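Undergrad: My questions are about this predicted structure, shown below with the sequence.
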Amino acid sequence: MKSITPQLVKFAVAAILLTIIFRFCLSYGIENQNYIIILTSSILYGGLMFSFGWYLGKKDGEYLPIYDVGFRFHFTTFLVHNIISLLWFAFGFESKYEKINVVYLTILIWIPILLFHLYFYLKAQKKSINGLNKDDLFE
């Protein structure tokens, strides 16, 4: 079963670019204590990531009808966001007011949500044959 599709790769590239831009805007906003930049960049980042995931996820279903309830896109977002956030601190790009503990806390909060999504992904896989919905195969 092919699980890394062209749409997932496009999403990963978009996620990398958006996350770098978000981290820059977030650090800039925190450094200058500009809450409008912080709030605006957070809302735009979340909205754009969701929109890209939604759009490319739908196209992914047309390309290869994988029955995965969006878990691959969620997992990709988790990896990209947290790796870039950790590297942001490793390279010293953070604001003097930012603390690495916030990144660790974000990861700790995100893991149970990701595991919850994994549960539904595995449940959906049980109802499929090689990742394809049984109902779609036998209609």
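TA: Thanks, I have it.
Undergrad: how far away is residue 17 from residue 52?
TA: Applying CB to CB, to the nearest Å, the value for residue 17 to residue 52 is 10 Å. For the C-beta atoms, the positions are set from N, CA and C on the backbone; glycine is no exception.
Undergrad: How about residue 18?
TA: Taken as CB to CB, the span from residue 18 to residue 52 is 8 Å.
Undergrad: Nearest spatial neighbour of the spatially most central residue of the chain, chain-adjacent residues omitted?
TA: With distances taken as CA atoms, centre = their mean, the residue of the chain nearest its centroid is residue 77 (1.8 Å). Among residues not flanking residue 77 along the chain, residue 15 sits closest, at 5.9 Å (CB to CB, 6 or more residues apart in numbering).
Undergrad: After whichever helix or strand that neighbour is part of, which helix or strand is next?
TA: Assigned by DSSP states H and E, residue 15 falls within helix 6-31. Note on helix 6-31: by DSSP H and E, the next helix or strand toward the C-terminus is helix 35-63.
Undergrad: rewinding a little: pick out whichever of residue 17 and residue 52 has more residues nearby.
TA: A count of neighbours by other CB atoms under 10 Å puts residue 52 above the other of residue 17 and residue 52, at 19 against 12.
Undergrad: Isn't the more buried one up against residue 11?
TA: Yes: if you go by CB atoms under 8 Å, residue 52 and residue 11 touch, sitting 5.9 Å apart.
Undergrad: can you tell me how far residue 87 sits from residue 27?
TA: 13 Å.
Undergrad: Number of residues surrounding the residue nearest to residue 110 when sequence neighbours are not counted?
TA: Using CB to CB, 6+ apart and skipping residues adjacent in sequence, the residue nearest residue 110 is residue 78, 6.0 Å away. Here the number of neighbours of residue 78 (other CB under 10 Å) works out to 18.
Undergrad: Checking my notes, residue 78 in a strand, right?
TA: No: counting by DSSP: H, G, I helix; E, B strand; the rest coil, residue 78 falls outside a strand, being helix.
Undergrad: So for it, what's the pLDDT?
TA: Residue 78 carries a pLDDT value of 98.
Undergrad: same thing with residue 81?
TA: Looking at residue 81, the pLDDT reads 98.
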